[in-house]
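S.K.: got a sequence here, can you model it:
(chains A, B, C and D)
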Protein chains: 2
Amino acid sequence: MNKNQALLWDHPRFRSWIAVARACQLMQTVLTRELADLDIKPPHLDILINLYRFEGISQQELARKLLVGRSNMSMTLPQMEKRGLIERRGDTKDKRVLRLFLTEEGRAVAEEAMAIQTGLIERTLSSTPIEQCHAMAESMEKIILALHAEMVDETEPA
Amino acid sequence: MNKNQALLWDHPRFRSWIAVARACQLMQTVLTRELADLDIKPPHLDILINLYRFEGISQQELARKLLVGRSNMSMTLPQMEKRGLIERRGDTKDKRVLRLFLTEEGRAVAEEAMAIQTGLIERTLSSTPIEQCHAMAESMEKIILALHAEMVDETEPA
DNA sequence: CCAACAATGTTCAATATTGAACAATAAAGT
DNA sequence: ACTTTATTGTTCAATATTGAACATTGTTGG
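M.R.: Numbers count the residues shown, from 1 in each chain, chains lettered A, B, ... in the order given. Just a heads-up that it's a prediction; the model follows:
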């Protein structure tokens, strides 16, 4: 059954993607360590970045942006609220939705954490020329579109 | 405090990496769905692939390759053994290590799962030319090296 | 207006992942 | 030989993540 094995490792796109996945996983690991000083983890940073950028976003929208379930937000956000990083205010028009905001401290932590992440990325991508970075990003955008197409395929195969 | 925000989103490498991370996360999500038919998840596939390629590997080595803790393997592998996908045999020379092998069924499941993953990757990367894939992989390898350097930096700052 | 449906957030049980402490075995230093 | 140190795997408690079931609120169609 070496036929299959040969088929697998010969696929250049497969090998390429494995490298991408590996780099992502490593980046996550290292980022986790560097964020430990601020006592937050990558998921928290993702939330902080989104609240920094999209003030007053709802839990639902945030979950969609982060590609996680609503229940995840229901578990995580109250913790961050208790830690004084964020604030949740009920929408006046729609009593179902909770709108999310950074506190003063949350904004400060967000800025420190973003500086750490940016620094890490700058350091580790420094050997990759800017044009290559742009080409990569362009490819990734196409891949993201293709994956979204896959997702609706799965949901509605009719 | 928009200065920091501008600094952040102006960094082209930062934006590029965000796209990479997002694509990876989406790929993981879609792969999880497609593997559901075989009743396995991406972590199991990673294990199967490595046992397929490196027969008789130890738990320690496997954990290192997968970038997870040893305890993770101690929790996951017995499950897969009970499901009849893998087998663990004690090393005769060194009584501490357990060597890992695929069973017949494990090999079959591995091949099906790899076919699914390869298909997904082929489909979603089809719009990216082979040369660009190779260039990407090359960049990722450099990034992986840089990240390994970061990790030892953290561990031994002396 | 009212009934059916949709959207938002919460809860809960199941599963995953991690790091620290531990037991058994091996290797090294004396 | 023997004490110390390192390596391998396990256990356990803490934390994260998910999907399904649910309650509340909003929207739509009669």
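
S.K.: please name the residues that touch A:Ala19.
M.R.: For A:Ala19, the contact set (Cβ atoms under 8 Å, 6 or more residues apart in numbering or on different chains) comprises B:136-137, B:140-141, B:144. Bear in mind the C-beta positions are built from the backbone N, C-alpha and C, glycine included.

S.K.: which of these sits closest to A:Ala21?
M.R.: Among the contacts of A:Ala19, B:Met140 lies closest to A:Ala21 (Cβ to Cβ), at 9.0 Å.

S.K.: low-confidence ranges in chain A?
M.R.: A:1-9, A:153-158 (pLDDT under 70).

S.K.: all strands of chain A, in order?
M.R.: A:86-90, A:98-102 (DSSP state E).

S.K.: briefly note if the first one comes near DNA strand D.
M.R.: No. Between strand A:86-90 and DNA strand D, judged by Cβ under 7 Å from any atom of the strand, nothing touches; the nearest distance is 9.4 Å.

S.K.: buried sites along that strand?
M.R.: For strand A:86-90, burial by neighbour count (16 or more other Cβ atoms under 10 Å in any protein chain shown) applies to A:Ile86.

S.K.: what of stretch A:136-146?
M.R.: A:136-137, A:139-140, A:142-144, A:146.

S.K.: before we move on, back to that, return only those of the contacts of A:Ala19 found close to DNA strand C.
M.R.: Among the contacts of A:Ala19, no residue is within reach of DNA strand C (Cβ under 7 Å from any atom of the strand).

S.K.: between the longest helix seen in chain A and helix B:130-155, how big is the angle?
M.R.: Looking across chain A with DSSP state H, the single longest helix is helix A:130-155. Helix A:130-155 and helix B:130-155 are oriented at 100 degrees to each other (axes from the mean of the first three to the mean of the last three Cα atoms, to 10 degrees).

S.K.: for the spatially closest residue to A:Ala110 that is not a sequence neighbour, what are its contacts?
M.R.: Computed as Cβ to Cβ, 6 or more residues apart in numbering or on different chains, the closest residue to A:Ala110 that is not its neighbour in sequence is A:Leu48, at 3.9 Å. Residues near A:Leu48 by Cβ under 8 Å, 6+ apart: A:40, A:85-86, A:102, A:106, A:109-110, A:113-114.

S.K.: thinking again about what came up before, which among the buried residues of stretch A:136-146 gets closest to B:Arg123?
M.R.: Distance to B:Arg123 across the buried residues of stretch A:136-146 (Cβ to Cβ) is lowest for A:Ala146, with 6.8 Å.

S.K.: nearest residue to that closest one in space, please, no chain neighbours.
M.R.: Closest residue to A:Ala146 apart from its sequence neighbours, by Cβ to Cβ, 6+ apart: B:Thr124 at 4.1 Å.

S.K.: what about that neighbour, how many neighbours?
M.R.: If you count neighbours by other Cβ atoms under 10 Å in any protein chain shown, B:Thr124 ends up with 24.

S.K.: next one: A:Arg107
M.R.: Residues near A:Arg107, counting by other Cβ under 10 Å: 18.

S.K.: ok, now A:Ala36?
M.R.: 11.

S.K.: tell me the domain ranges of chain A?
M.R.: As recorded under automatic domain parsing, the domains making up chain A are A:2-127, A:131-158.
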